[in-house]
Structures are given as structure tokens and as C-alpha cells.
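In: What follows is a predicted protein model with its sequence.
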Amino acid sequence: MPKVNKAVSKVDLKDPNYFFNRELSWLEFNNRVLQEALDTRTPLLERLKFMAIFSANLDEYFMVRVAALRQQVEAGVNRLTPDGRSPQDQLNDISAHLRPVVKEQHRHFEQALRPQMASKGIYLLDYMDLNQEQRLYIQHYFEDQIFPVLTPLAVDPGHPFPYISNRSLNLAVVVKDSETQEEHFARVKVPNVLPRFVPLPPELRLQHKDRPSAWTGIPLEQVIAHNLEFLFPGMDIQEYHPFRITRNADLEVEEDEADDLMLAIEQELRKRRMGGSVVRMEIHTAIPDHLRATLMQEMELGDSDVYDIDGLLSLSDLMSFMDLPLPQLKDEAWTPVVHPRLRRVTDKPEDSASLEIDDKEDFFSVIRRRDLMVHHPYYSFPATVQRFITHAAQDPEVLAIKMTLYRTSGDSPIVNALIAAAENGKQVAVLVELKARFDEENNINWARKLEKSGVHVVYGLVGLKTHTKVVLVVRREEDCIRRYVHIGTGNYNPKTARIYTDLGLLSCREDLGADLTDLFNYLTGYSRQQSYRKLLVAPVNLRDRMLALIRREIEHCRNGAHGRIVAKMNALVDPEVITTLYKASQAGVQIDLIIRGICCLRPGVKGVSENIRVVSIVGRFLEHSRVFYFHNNGQEEVYIGSADWMPRNLDRRVEAITPIEDPDIAKDLQEILGVMLADNRQAWDLQSDGHYVQRRPSAKGAEQSAQKILMEMALQAAGMA
């Protein structure tokens, strides 16, 4: 039975003790990523992948989140977060949290993963491990392939301290003039245009079980370090030490003052390539104090900004080992299946760029019959969403295509289809979000290409990011003009659709078509549209409608009925939503939250959140879909869409969430949520102290991986199990 708190008026739900810090919650998420690298149940190369993801995530975290906190401190901003922390408090806590975690990451890589790699015939050696023949090969490789690329930079009165680029790996080198006996400092950048790990040819690989190993090689920086005499002839090499820096990389675009948003962002991108102030330096523990002090002084860093690393720097480069042809050391390969209802439309392979339509049935007739839900990567993206757009581009009866593009791949078949549609004389309008972080340059290139082909390109609304994932197709049919829609949770990116879990609704419901027409008019023209028939749209009505749906569950409980909410999203940060969920818990509403990343809500607090449970799932696929279920006294409602419960999604982005009105699809979504909640392999339960505990099967219980179960369900539905 749910616990109902009778004394709700005595509890201040805005008390900082009832909120977790956003930045520290993100670090807890990245810890869960790291645990996949430490988990012996994870295949070896996948463990290296998660080790790399952990490091890459930290890079972006420092470039954006830590950089923003440092700017606030420097500007004297002392605004407290809902959990009561100042910017400086957060920086202190981030540093205290990260140091032991980063130390554990590198210790585990050096002491556990490298030996395990060797046991499987993957030898990542140090230069000192090489025999004479291997060293001779490495020297020739250096002279032929590396030496011409290098540029040693001296530091002396005639040579100022060089600019150190963002995320670059470098060697701090001390040399002594053999004639004057003077010591000099120089910096050598490890070029990122060359492979980070230099492989030896098969004949020089170490033997593994009486035959050449799968791979043998050494880090690029060690190749350079042991051939420095070529860079500094006539000098004695005294010492060298690797270091790596991270810079502020967030864009600062004043949209209100920009006559041309694309030009303004291009100017900011040029600044990003140079990078802002240094926010972190990673440095090998063996560096002497005087060199450490020199680097810190030149880059204006304090002790809290420096991370000592005992081992290899830049472990994000471990991702390259996923390219090794060793399937036995990876997750079992997964090929998304064609949705059962589309098997008559196409039976081409997942990767086919041009899927042919069966004469007996076209894509639109499938949607006309009833709504279609697609779940990636379990169902094929090319055979569903991509096919929907490419078929619309080719169909002579299609009059117009409108869509939003937040992120897409560099060789996007969707963009090519839109260009073909415009060239075929169709009206094509695309909203390209130029402010999609770290995809700005890619999106600018696509925007230009689209414009040159006659596509109407717009860049969204001033002050708002357009994050919604929607497509509208207008088609002339026998007796009417019909509108077809796709409303999804993920980007129109065929590559990430293989590794991100996302949902999409394909429909020709008239009210959804009318709503998307209004939404595109809002995005491309002058409109103050304040009401929609079905859609929940941010920043117009999404916040109010979500809060109303939660409060409706509260009223049902107060009237003696059952209250139930299940919500799946990437992050829960918004204080108003959190306090409303607390009120729902106090009223007896049973709440399950499936939140992959940041969660600022504190579950399991007596009198506040006893009826709230929070689970995070971190697995082979990145959980990206957003689903919202409300029991509604038996008249169940389910929604999917692009928005998390964060202030930026509810107030500063254009988002769209759609109700699911097909009862079978609604049941399918409830089943997916149930599978996720039952996971005991990749699931982590959030505790009331802010830590997560990984679920484990009971002694006699079977392991249940939600993602594995969903793959099996897709195969069964496609008749392939």
C-alpha cells in the first residue's frame, strides 16, 4: 500500500536538503559508465570502449560545465543552486569527487585491462618493452611518418610560451645545450592527425599461443619521446613529460545582436578552434615540481585544476581498439530488424541507402491503416524513419516536406533526400538548429547545401534552441490533402540510431497534422500560437500540461483512487517538477522514474518521497527515449517526445511531446517500461544519499537485461527468433 503523509503542510519542499546537485549527479552518471568498464561481465573490448566514453564525457564536462562554473566565480556570481551550493562550492566538490575516481580509472586500466588485453593477444607495450628489431622498425616509422609532421617549439626570451590547443596531448621537454651546458624548455605536440597507438607489422608482433598476436603496438607519444634527438640535434635530452589540457569550448552568441546568426556562430566557431581559457591540465605524476609550476603559471591554473595521472593520458583514444576484428571480445553483433508491418514494403538490409517499395503496398498506406511506432535500434532506422522521408521525396503526390534537424550524420541520406525533393519541385522547409552544441559546424555545412538546392532553411527562434524531432509530409490523395507526421524522441541521424534507444510515432491523424502545421508556422514565420489540439509544446504549454498531469494523479489519490506515474527520460532537474512529484508522493501516488543521467530528485525520504523510486540503466545502447505514463484512474495516458524535465527543455527550447492514442501502441510502451523496471543487469537504483547501487540477480534468479530482452522481442515480432 502507498504511504500517505498526513502532515504535508509542515514540510518545506524547497529545502535544499531535498535536492541533489546537478553537476555532482552528472558525475554519478559518469561513474556508472566507468563501472561498465570495470565489470568483468562486460566483454573486454567493450570495457575499453566504456573506459574511452568515460574520458570523452569528462572532456565535454570540463569544456562546458566546469568552464561555466569558473566563469561565474570569476564574474563574482554567487547564485545558489536549489541544493544550496555556490559556484565555488560546486567546483570544490567536483574536484574532491573526481580525483579518486580518475585515479581508480587509470589504476584499473594499467593493472587489470592491459594484462587482460595481453592475455587475448592485444599487446599495448611501452617503448622499453621492445626488442632491438622492433625498435629499429619504430625508428624508421618515426623518420618516415611522424618526424615530418612535428614542430618543436622552444620557450625562451625570444620564443614566448606557445599556445596549447584544446584536448591536445603534448610533451614538456627539457634539453641541455652540449656546448653551453644551458638547459632549455620546449613543447612538442603529439599530432592528432596520426594514430594514437602505433601498430607493429605482423612479423614483429609478439607471439600469442604460438602464433602472432592480434595486435602489438605502442603509444605514439612514446615513439616521439624516444626519438627526440632527431628534433633537437646537438642537444642532450634531459627529460620529457606528457601533459594534456582542456579549454572552455562553449559558444557565446548574442542572438539579439546578431544580424546574421550563421555568420555569428561561424565567428564563434573560429574562437572555439583556438579555445577559451584552460580549465584542466592532466599531467604525469613523474613530472618534477619546477616543470609543473611552469606549466601551471603559463596557463593560469591552480592546484585544483591539475590532475595527476599515473599511466597513459587521454584514455578516450582507447575507442580505436573497437576496430579490431575480434568479435569474440565484443557484444554480440546486433542488426536492427524491419518492423513487421513494413516487411511488405521493404526487405532490404538495414544499411541499404535506397530501399525499394513493393508495388503491392506503399509506405503511406501502412500509416493510413493505423499509427505505427518504431523503437530504435531494435527496429531499423533506414527501413522506417529514413524510408518515410526518402519515399516522400520521391513520391509524385507529395507536395511538401517540413522537418527539424538538430543533429544528423556527416553523410546524411535524409539531407540528400530533402535536396532531391526540392529538386523534384516539392516545397521543402527545414529548420536547422545552428546552436546544437559541438554540431554547429556540421549543421552550417548542411544548411548551406540545402539552401543551394532550393530548400527553405530557417534557423529557429531567437533565444530558443529547436530541439524537437518532427517531420510533416503533405500529400495529395484521391479526395483530400492528407498530412503524415513523424514525432520522435531522437535525432534524424542514421549512425546514432544504431546505438541510441529512441522512439518515434508515424501517423496521419488529422489533429497531429494540424498541430505540426501550426508548429512549423510558429518556427518559420510570425506566430504566437498558444494552443494545440494534441501536442504538448515547449515553451508554450508543455510545463503547465506536465504539471497538470502530475496533479491529476494527486487528485485521484485524494479521492481514494489509485495514482501511478512512470516516466523515462535522460535527466530530471526542474525544481518545480520535482516539488510537484514530492507532493504526489506525499499524496500516495506511486512513482517510478527511469532516468539515465542527471537526477536532482532525492527519492526515499520519509514524509517527502517515500513513494518515489529512481532507476538508471547504462548498457550497450545509450538510453535516449522519453516516455511518460499516467494511470489517470484507469483511463491511462502515454506520451513520447523530445523533452526531459529540465528548465532548458521546458522553458528555453522548442520541444514537442505527443499523446499515444492507439491502444495497442500504448500497451507496447507500457510493456517497454515494465521491461526496463525489471532489469537486474544494467540497472542502478538511486539511494536517498545520492549514490547508486547496481542491481544483481538473486542467487537463484536469472539475469534480466532490458536491452537484451528488447532485442529478443524485436526478433520474435519479426519472426526471426
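Out: Looks like it arrived, so ask away.
In: Contacts made by stretch 686-699 with the rest, please.
Out: 20, 24-25, 28, 31-32, 35, 595, 599, 602-605, 609, 614-616, 679-681, 683-685, 703-704 (CB atoms under 8 Å, 6 or more residues apart in numbering). For glycine as for every other residue, the C-beta is placed from the backbone atoms N, C-alpha and C.
In: let me redo that: stretch 40-49
Out: By CB under 8 Å, 6+ apart, the residues outside stretch 40-49 that reach it are 36-39, 50, 113, 116-117, 120, 318-319, 321-322, 324, 326, 328-331, 620, 681.
In: Most distant residue from the centre of the chain?
Out: Largest separation from the mean C-alpha position in the chain: E179, at 54.1 Å (CA atoms, centre = their mean).
In: Angles on the backbone of that residue, please.
Out: Per-residue torsions, E179: phi -90, psi -50 (degrees, to the nearest 10).
In: could you check the distance from the nearest residue to it once chain neighbours are set aside over to R695?
Out: Closest residue to E179 apart from its sequence neighbours, by CB to CB, 6 or more residues apart in numbering: G234 at 7.7 Å. Distance, G234 to R695, using CB to CB, to the nearest Å: 63 Å.
In: Of those two, which one has the most company?
Out: Neighbour totals were compared for G234 and R695, and R695 leads with 17 against 9 (other CB atoms under 10 Å).
In: Phi first, then psi, for the more buried one.
Out: Torsion angles, degrees, to the nearest 10, at R695: phi -70, psi 150.
In: i'd like the first residue to be 49 from this point on
Out: Sure, I'll start counting at 49 from here, so that last one is R743.
In: Quickly note the distance from it to Y540.
Out: To Y540, R743 is 34 Å away according to CB to CB.
In: And T199, by the same measure?
Out: 40 Å.
In: which residue is nearest the centroid of this protein?
Out: By CA atoms, centre = their mean, the chain has its centre lying nearest to L670, at 7.6 Å.
In: And for that one, nearest residue in space, chain neighbours not counted?
Out: Once flanking residues are discounted, L670 sits nearest to Y548: 4.9 Å by CB to CB, 6+ apart.
In: Can you pull the poorly scored residue ranges out of the stretch 549-698 of the chain?
Out: 574-576 (pLDDT under 70).
In: meant to ask about the stretch 49-198 of the chain, not that
Out: For the stretch 49-198 of the chain, the stretches with pLDDT under 70 are 49-57.
In: all strands for it, in order.
Out: 170-172 (DSSP state E, counting those that start in this stretch).
In: circling back: residue contacts, the residue nearest to the centre of the chain?
Out: The neighbourhood of L670, defined by CB under 8 Å, 6+ apart, consists of I547, Y548, T549, R644.
In: Out of the residues you listed, give me the one that has the most neighbours.
Out: Highest neighbour count within the contacts of L670: T549, with 25 neighbours (other CB under 10 Å).
In: Show the backbone phi and psi for it.
Out: The phi and psi values for T549, taken as degrees, to the nearest 10, are phi -90, psi 120.
In: isn't it right next to Y427, touching?
Out: No: counting by CB atoms under 8 Å, T549 stays clear of Y427, with 10.9 Å between them.
In: tell me which element the closest residue in space to H154 that isn't next to it in sequence falls in.
Out: The spatial neighbour of H154 that comes closest, neighbours along the chain excluded (CB to CB, 6+ apart), is G359 at 4.4 Å. Per DSSP states H and E: G359 is located in neither a helix nor a strand.
In: which ones are touching G359?
Out: Applying CB under 8 Å, 6+ apart, we find G359 in contact with H154, R155, F157, E158.
In: ok, it to K237 distance?
Out: Per CB to CB, G359 is found 20 Å from K237.
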